[in-house]
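Undergrad: Everything below, folded, please.
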Amino acid sequence: MKKLAFITGLSLFLLTGCAKKTPESVVTPAPVEPPQAVVQVAEPQNAPQVIPAKSQEQRMQECRKELDAMQVYSKASWKKYQAELQKLTAATNKYLRVKETIGADINDVVMPQSEFQTRELCFRIKSRLVQLMVRS
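TA: Residues are numbered from 1 along each chain as shown. Okay, here's the model as predicted:
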């Protein structure tokens, strides 16, 4: 019995003594990337970013063509978006009539809002047209 206990103890000692301890926490350093050159182009800070009128006109023509195409797929959707486009066009025309007489600070607020509303409506028209075309 003593031999068995001795052999068991010795084998446990040998097995645990030979095993390597695993490190408690392994921290891998983040890869270091060389700094990249940053090229900046100097732009005047007071110059507003103006979208060329031609591209704005082209965008509006495309929007109207998509609205006309919608008429083939859904008269109800066409009527809804046609009314929204007419309302937006009327508001834009009203703004354009007084644009030259108001200050630059008001123009800086109203012009981007007007452009955003136009882009947003055209996006909704395009999305609805695609949806109608896919469903049919």
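
Undergrad: where does the chain dip in pLDDT?
TA: 1-54 (pLDDT under 70).

Undergrad: for it, what spans make up the helices?
TA: Under the criterion DSSP state H, the chain carries helices at the ranges 2-18, 53-73, 75-98, 104-135.

Undergrad: would a markdown table of those with mean neighbour count be doable?
TA: Backbone N, C-alpha and C define where each C-beta goes, glycine included. Formatted as a markdown table, the helices of the chain follow (neighbours: other Cβ atoms under 10 Å):
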| stretch | mean neighbour count |
| --- | --- |
| helix 2-18 | 9 |
| helix 53-73 | 14 |
| helix 75-98 | 13 |
| helix 104-135 | 14 |
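
Undergrad: what sits against residue 81?
TA: By Cβ atoms under 8 Å, 6 or more residues apart in numbering, the contact set of residue 81 is 67, 70, 121, 124, 125, 128.

Undergrad: which residue packs closest to residue 92, ignoring adjacent ones?
TA: residue 114 (5.5 Å; Cβ to Cβ, 6 or more residues apart in numbering).

Undergrad: dump the residue contacts of the one you found.
TA: 91, 92, 95.

Undergrad: Go again with 10 Å.
TA: 88, 91, 92, 95, 96, 99, 107 (Cβ atoms under 10 Å, 6 or more residues apart in numbering).

Undergrad: Identify the farthest-apart pair in the contacts of residue 81.
TA: The most widely separated members of these are 70 and 121, with 12.6 Å between them, by Cβ to Cβ.

Undergrad: on that earlier part again, between the contacts of residue 114, which sits nearest residue 134?
TA: Checking the contacts of residue 114 against residue 134 by Cβ to Cβ gives residue 88 as the nearest, at 25.9 Å.

Undergrad: just checking, the closest one touches residue 124?
TA: No - using Cβ atoms under 10 Å as the test, residue 88 is too far from residue 124 to be in contact (11.3 Å).
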